[in-house]
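K.L.:
return a 3D structure for these sequence lines:
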Amino acid sequence: MPSDNDQHERRQRTTGERTGARRAAIKPHKRTSNPSGSQTSSGTSATSAQPKPQAQPQPKPQAQAQPKPQAQAQPQPQAQGTLDVSAILTAWVNSLGRTSLSQTYLGSSLSRKLDQAARNFGIPKGESAFLILDATIFGTCKAGLALCSKGIYLRDTAGVQDAIAWTKLPSTRLAADAQSLTIGKHKIVTVDGIPVGKLLATIQKAIAG
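P.N.:
The predicted model follows:
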């Protein structure tokens, strides 16, 4: 007959085997949870990625064409050409009538004074002379004036030489009498002062318009 100790050990061994078998049969089920607390289906995320809105291309501002500055018209000098002076001279000669010109040369008689006038009045080369006033007693042409294509070239009785462009004539003082002709600050003693003075006044008025 087994002793009480043997029976007690057998019962403990049997009880331990049963307890171990039961523990092996029951396995704990581990539960996986989403850290955020929401269940997700396999292969998909809880929130679908939203597409980023594409930046709309901004239209480039069109450069406005700057208006080109218009070239300002430069004032043209009022030129007195050869034909203008000739026409005035022709009308002036026709208006003289019986008036005699003692010291004035024009037309066919002009050639006799051209060299003297060019030298004494300072007429440049290339200028065309239409009238020459020799205001000397002995015909030396050391005083007087010449009406040319670009203006008046003169040498007054005091021996001062000067040139006055036609464009300057409207602002130039003119005076004349039976014994002298004054142009600006220059005085020329001549017996043809009145007729030549009238001619210069006619040209002055024509230029001034």
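
K.L.:
looking at this structure, which helix or strand is least sure?
P.N.:
Lowest mean confidence among the helices and strands of the chain (mean pLDDT, DSSP states H and E): helix 4-25, at a mean of 58.

K.L.:
and the strands in the chain, which stretches?
P.N.:
104-106, 129-134, 144-148, 151-155, 161-165, 174-176, 180-183, 186-189 (DSSP state E).

K.L.:
of all those strands, which one is nearest Val85?
P.N.:
For those, proximity to Val85 was assessed by C-beta to C-beta; strand 129-134 is nearest, at 5.5 Å. Just so you know, the C-beta spots here come from the backbone N, C-alpha and C atoms, and that holds for glycine as well.

K.L.:
show the average pLDDT along the closest one.
P.N.:
Strand 129-134 shows a mean pLDDT of 96.

K.L.:
next: stretch 174-192.
P.N.:
Averaging pLDDT along stretch 174-192 yields 97.

K.L.:
who touches it?
P.N.:
Stretch 174-192 is contacted by residues 101-104, 133, 135, 143-145, 152, 154, 156-158, 160, 162, 164, 172-173, 193-194, 196-198, 200-201, 204 when judged by C-beta atoms under 8 Å, 6 or more residues apart in numbering.

K.L.:
just to revisit the earlier point, most packed of the strands of the chain?
P.N.:
With neighbours defined as mean count of other C-beta atoms under 10 Å, the strands of the chain peak in mean count at strand 144-148, which reaches a mean of 27.

K.L.:
could you list the paired strands of that one along with their orientation?
P.N.:
Strand 144-148 sits in its sheet next to strand 129-134 (antiparallel), strand 151-155 (antiparallel), going by DSSP bridges.

K.L.:
any chance of those in TSV, plus distance to Lys113?
P.N.:
Converted to TSV, those look like this (distance: least, C-beta to C-beta, whole Å):
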stretch	distance to Lys113
strand 129-134	4
strand 151-155	12
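
K.L.:
out of those, which comes closest to Ser86?
P.N.:
strand 129-134 (6.3 Å).

K.L.:
who touches that closest one?
P.N.:
With C-beta under 8 Å, 6+ apart as the criterion, strand 129-134 contacts 85-86, 89, 103-106, 110, 113-114, 116-118, 123, 140-141, 143-149, 181, 188, 190, 192, 196, 199.

K.L.:
can you give me the buried ones in stretch 92-110?
P.N.:
For stretch 92-110, a neighbour-count test (16 or more other C-beta atoms under 10 Å) marks 92-93, 101, 103-106, 110 as buried.

K.L.:
low-confidence stretches in this structure?
P.N.:
For the chain, the stretches with pLDDT under 70 are 1-84, 98.

K.L.:
show me the helices in it, by range?
P.N.:
Counting by DSSP state H, the chain has helices at residues 4-25, 82-96, 114-121, 193-208.

K.L.:
so which elements touch the second one?
P.N.:
Using 3 or more C-beta pairs under 8 Å, 6 or more residues apart in numbering; DSSP states H and E as the contact definition, the elements that helix 82-96 packs against are strand 129-134, helix 193-208.

K.L.:
what are the contacting residues of that helix?
P.N.:
106, 128, 130-131, 147, 149, 166, 195, 198-199, 202-203, 206.
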